[in-house]
Each structure stands twice: as C-alpha cells, then as structure tokens.
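Asker: fold the following for me, if possible:
(one chain, ligands or ions: 1)
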Amino acid sequence: MNNRMKKIMGLALASSMFCAALSIESCSGKKEETQPVASSDSSAAFEFEADRFADLQVLRYRVNGFEKLSLQQKKLAYYLYEAALCGRDIIFDQKNKHNLMLRHVVDGIFENYKGDKSQTDWKAFEVYAKQIWFSHGNHHHYSQNKIMPAFSKEFFNQAISSSGIDMQKFAAFGTADKVQELLMKVVFDKDFEPKIVDLGKGIDNVAKSANNFYEGVTQKEVEKFYAAMSKPGDKTPISYGLNSKVVKQNGKLVEKTWKLGGMYDGAISKIVYWLEKAESVAENEAQKKALHLLTEYFKTGDLKMWDDYNIAWVADTSSVIDVVNGFIEVYGDAIGKKGSYEACVSIKDFEASRVIAAIGKEAQWFEDHSPIADTHKKKSVKGISAKVITVIQESGDAAPATPVGINLPNANWIREQHGSKSVSLGNIVESYNQVGAKSPTLKEFAYSDEIIERAKKYGSLSGMLHTDMHEVIGHASGKINDGIGTPDITLKNYANCLEEARADLVGLYYIMDQKLVDIGVMPSIEVGKAQYDNYIMNGMITQLTRLKPGEQLEEAHMRNRALVARWAFERGQQEKVIEQVKKDGKTYVKINDYNKLRVYFGELLKEIQRIKSEGDFASGQKLVENYGVKVDPELHKEILARFEKLNVAPYKGFIQPVLIPVMNGEEITDVKIEYPTDFAGQMISFGKKYSLLPVKNE
Ligand SMILES: [Zn+2]
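Answerer: Reported below is the predicted structural model:
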C-alpha cells in the first residue's frame, strides 16, 4: 500500500490519498475579491482567516452549492457528516494511548477554569489546548515531536483542581497517585514519548514510536507476524494489519481489531448507526452497495470486506455526495501498516472537474510517454476517475489539517484491476489561495521580480495542475515487477517518501510539456516554470521554516521535496542548472535552465520507479538519506530568522462547517449549513458531543 496524501500548499496533508504539497504560502493566488456566499453566514464577504497561535493558522472554508442539493442529498450529507464526527476520539487514541485522558483534562480546564485569565500561564495554556486539539494529542501533527507547554506545573495542578476535574475518570490508568504522576510525565517530560513516529535509522521504529498501534512488541516481531500472513504470489493481497492494534498476550502477538464489539466499539457503533441511515437515502444502487459494504466492514472488521467496499466505492462514479470514512492512511505508523481514522464528506464540483478530467482522460498517453523504463510502464492505466470536490466536512486524520488532494484506495491491486478515485479539494484550495495571496513569504524568498510576477500570474494554476497530476497520473503510474513485494515490504520506512517523490516527479515532468497546452488545461509553458520555481524554492529553502533548530526532515512529503530539489541541484551543479546565490546576505535559489531541469526530473523519476519496481531497498535508502533528511544548520538559521520577521504560520488547518437538521417531529425537512468562527469553541463542542470512547481503550 502506498500513500498519497500530500500536504500541499503549506498544509499537512499527509497520507496516501490526500496529497498535495506545495507551499501555498509561496504561491499567490489570484487576487480577487471574496465572493458573497449564499448561506446562513450573514456577512456579505466570507472571512477565511479565523485564528492564529503557535506555528498554526486556522482558516475557514465555504461549501458553495450545498443549498442547491435535493432534500435527499442533504439528508445523506448530514448522516455522513455525523458518521465522520463520531470517529473523532479514535484518532486521539490511535496517536497515543494517553491522548484521551489529556483531551479530557484540557477540555475541562478550558471550559471551567475560574482563575485569572489575564496571567501568562493561562495564555500559555490556551495556546497549548489549541495545539492539542489541532494535533489530536500532544505530538505535533506534522513534525511528530512532542508539544511542550509554556505554563508551570503549579499552574496546571491548580487549574485541574479549580476546574473541578474528576480525576477518578482516569482510574483505568491506576491509582490516583499513579494517574497524577503519569499526567505530569505526559505534559511536562520531554523525554517521555518524545516522538509519535520515529523513522530514525538503525533503531526499532515500532518500539520507539509513541503511537498506539503496537504495545510490548518489537519491529522484528511485527514484521514476522505480518510476513507469515501474506501469501507469496497473491494477486489480491489483503491489507493485513490495517485495522488493529498489535499486542503481546501470553508471549504471542495478537491483533485487537477496531470494529463493532472490538476496540473502539463506542465510536464505531455510532459510525455504523449513521452509515445505515445514510444507506437508506443513497443516491443510487452503486452508492447503496458501497455504503452497505462499508457498514459491514465496520461491523466485522473483515479486511476482505474492506477490499470489496473499495471496489464498490471506485465503481460509484455518478453520485453527487461522496464519502471517505475508515482507517486509511498509514503515515502514522513507522512501518506503514496501521490506518489512521479519517473521514471526508463532499459534493462533486462538476464545473471545476473539467481540467482534472482532461488529464485523467490522457492517462495512457502520459504513461506511454513517461521517461521510466518501458518494462516498468503499465500497458493499460485503468479507470482513473478524476474530479474536483467541494468539502462539506472533514474529521480524524483529515482535520483540522487537511490534504488538498485525495487518491484512493491505497491497495495497489485494486488500483490496477479496478481503478481509483482521485480528487482535488476545490474549496480548501480556494481558501488557501485567498489567504496565500496576501502572504509576504513569496516576496521574501523569491530571487527575482520575474519569479514573483510569474507566481502571481500562474502560481495558483500551476499548483493545482501539479497536484492534479500527482494524484491522477502520478500515483497511478508504473508497475511493480512480477515476484516483487509491495513497497511497504520492500522499501519499508522509505516507501512513503519514495512514493510521494515518484508522484511529484510525474507532475513535475509533465507540467513543462506542450501536451498540457494542447489539451487546454494551461495557457503556456510559463505555468510549468512557475511550478519549477516554487518547487525548488520550497524543497531547498522555504520548507525549512517548518523545522525547529536542530531538527532533521522526518515527514514523508517534506523528505520527498528535499530529495527531489537537492538531487536535481547536485545533478546540474556543474552546468549551473540551478544556482544557490547570496544577495545582501540572503540565500536564494535560481533556475537557469528549465528544460535541462525537466530532463533531470525525468532521470530521477526513472530511477525511483526502478527502485519501486525492483524493490531495491539499498538504493532507495541511499537516495532518501543522502538528499531527503539532513538540514544545513547555517542555512536553516538564516531562513528561520527571515521567516520569523514575516509572522506567517507555517501550518494551516480549518474550522469545520456545521450541518443542522431542520426537524418537523421526527422528520428532517431541510438541512442548514453554518460556518462557525471560533476554533476553540468548536473543539469544546465536538469534545462534548462526540466523546464516545473510554479514556483507556483495549
Ligand atoms: Zn501523494
């Protein structure tokens, strides 16, 4: 299974299906006035920016077209919306087994604290609480490192008692003293569970990661456990391990499956309840079948059923309302087996789907003309269904930080035999563009006015096209040699990064191709140049703004972007294809030969495809470690100093719209949409309404 979530545009998308990845801060969108939105939002102009704290900015998005849905579609959307939110507690617990306890403490203090709210400790607590909500726990959603508070222990203890928090709630973790000691370690000890995913080299990546996917087992044991399940030569391999925690009982490894009656039953039973309602108002037979299989999967935990569901879901291409709900992306697991809970409910945007469809239609042409070895090409690229969606609601791993593109399912064999769905999240991208157009980042880091002008003119389009190609033709391209295992087995902890690099390179290679002009999706090759400027600048320079001093690149998409940009830089160093230059003590990058750079991107694409096709772990490891991990401390220091002056948040996320059914007795007669403006308020309200799990789950 590979992943395809990019965090494009400065966000963290993160997983396999949701991918997108540029720094949106650096591509200014069209500077158009915000449009009046027909909705319950009473103001004429929609306010996209809502909150700013730590390294985060919280935005809002609007759902154009919701009012035009039929009543049946609105009901369907509402039921799926509830199903999505019912999984919220799951992601907290998956990330770390202490997160639900922490969430209850943080929610309780935030709501009930009676002390002085003008003091520094309280202000620091507010920031901490918002960070915890944003990351679904106390590890940064993107860097994976532990979030440390700026308030004192004294303040925290006093706040707990003055807020009337009943510590008895946490008795599952031990006696009152034990719970108190544990909570102090969770909040204040930076060496206690320091990293949620530790991809470090030469260590036990399973044991060293603080996520809640494994307990009391080693990486070797887990690998052996799953290797024993896979059948050699299986053409339709099940995604073993996707929906369970692995623990040791009586010296043996066993799975605790996330299903009705299993682990996470409290949340899953509600998800099932809402999915069954959704099935009753499905738009058509294909959708009904898919929703039915999804419900059965949650009931049984049967991964064969999950595959059947995905096949049915891919086949449903005509529904207006669509949904992703399940344990999906495997980025949260160092060895890429366990799926993090996520959900996304959406409306198809027919108008905006034209461009992405035009690219999808030519998938075979792109495959045939790809610079990869002929033996690694797919003879027929199947069923890519590409579209733009308008998001109604995201939850779990997909919120508040969201992908800008989604490409599912993840199982390679389903993609090959049945096709996949690839979508771009149109209204999310719109929000980024609206906010990005005002960002000072581009001006600070772009080498010349020419680059800035090109970015202003084409940055938005080029970013969107690159994402489209990454999703629609990137992940879908290429094939693995017969007898070679899937990348999670062959390339292990480098699989995600290399897969993202491969998909990015397909997009980079073709965005400078006349073909895109010919099929009417871009006006000129200048669009491709804008993307090259942005990609190289981001990979070599601007993405470093997301790291703290001393940190190395960890996250798969960040590693991939550094790998691609630095490899190309080194490849063309003699001929100065890309130059790193200093101007007034500031470092910039400058591309001198765009066509040559395109050739290099093709070379690297060919090599990474070979690595995937042959399962060449050693070469993959070398590429990632040499180009995708290390950070030059001097350059990093300079970039951070420049960025700090701009006061721009390196990460962004969203407040979710709220759906409210209008009732006549038991009957829903309409569904209204509202757009809250208070991030903390939404988190508190979700915390109450969707608190569906015990603090300790087994
Ligand atoms: Zn991707």
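Asker: helices or strands up against the strand or helix carrying T390?
Answerer: Here T390, judged by DSSP states H and E, is contained in strand 384-396. In terms of contacts (3 or more C-beta pairs under 8 Å, 6 or more residues apart in numbering; DSSP states H and E), strand 384-396 is packed against helix 71-85, helix 88-95, strand 340-349, helix 353-361, strand 420-425, helix 426-436. Quick note: C-beta positions are derived from backbone N, CA and C, even for glycine.
Asker: go through these and name the closest to the ion.
Answerer: Ranking the helices and strands packed on strand 384-396 by distance to the ion, with C-beta to the ion as the measure, places strand 420-425 first at 10.0 Å.
Asker: between the closest one and helix 353-361, how many degrees?
Answerer: Interaxial angle, strand 420-425 versus helix 353-361 (axes from the mean of the first three to the mean of the last three C-alpha atoms, to 10 degrees): 150 degrees.
Asker: rewinding a little: out of the helices and strands packed on strand 384-396, deepest packed?
Answerer: Sort those by mean neighbour count, taking mean count of other C-beta atoms under 10 Å, and strand 420-425 sits at the top with a mean of 28.
Asker: all strands for the stretch 201-350 of the chain, in order.
Answerer: Secondary structure of the stretch 201-350 of the chain (DSSP state E, counting those that start in this stretch): strands at 214-215, 244-249, 252-257, 321-329, 340-349.
Asker: go on, the stretch 551-698 of the chain?
Answerer: Using DSSP E, counting those that start in this stretch, the strands of the stretch 551-698 of the chain run over residues 578-583, 586-591, 651-655, 658-664, 667-674.
Asker: so G137: helix, strand or coil?
Answerer: Classification of G137 using DSSP: H, G, I helix; E, B strand; the rest coil returns coil.
Asker: how about the contacts made by it?
Answerer: Counting by C-beta atoms under 8 Å, 6 or more residues apart in numbering, G137 makes contact with F92, K95, N96, N99, L102, R103, I196.
Asker: now do N211
Answerer: Counting by C-beta under 8 Å, 6+ apart, N211 touches Q94, K95, N96, I196, V197, G332, D333, K338.
Asker: how far does stretch 553-566 sit from its chain's centre?
Answerer: 15 Å (C-alpha atoms, centre = their mean, to the nearest Å).
Asker: close to the ion, is that stretch?
Answerer: No - using C-beta under 5 Å from the ion, stretch 553-566 never reaches the ion; the gap is at least 7.5 Å.
Asker: hang on, the earlier thing: any idea which of the strands of the stretch 551-698 of the chain is most buried?
Answerer: The most buried stretch of the strands of the stretch 551-698 of the chain, if neighbours are counted by mean count of other C-beta under 10 Å, is strand 651-655, with a mean of 24.
Asker: quick check: angle from it to helix 426-436?
Answerer: Interaxial angle, strand 651-655 versus helix 426-436 (the same axes, to 10 degrees): 120 degrees.
Asker: elements contacting strand 651-655?
Answerer: Helices and strands touching strand 651-655, by 3+ C-beta pairs under 8 Å, 6+ apart, are strand 56-60, helix 426-436.
Asker: mind checking which of the ones you listed is nearest T300?
Answerer: When the helices and strands packed on strand 651-655 are compared by C-beta to C-beta, helix 426-436 sits nearest T300, at 33.0 Å.
Asker: next structured bit after the closest one?
Answerer: Scanning forward in sequence from helix 426-436 by DSSP H and E, the next helix or strand is helix 441-445.
Asker: need the strands of the stretch 551-698 of the chain in JSON lines (columns: mean pLDDT and distance to K529).
Answerer: JSON lines is the format used below for the strands of the stretch 551-698 of the chain (pLDDT from 0 to 100; distance: least, C-beta to C-beta, whole Å):
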{"stretch": "strand 578-583", "mean pLDDT": "96", "distance to K529": "13"}
{"stretch": "strand 586-591", "mean pLDDT": "97", "distance to K529": "8"}
{"stretch": "strand 651-655", "mean pLDDT": "96", "distance to K529": "26"}
{"stretch": "strand 658-664", "mean pLDDT": "98", "distance to K529": "42"}
{"stretch": "strand 667-674", "mean pLDDT": "98", "distance to K529": "40"}
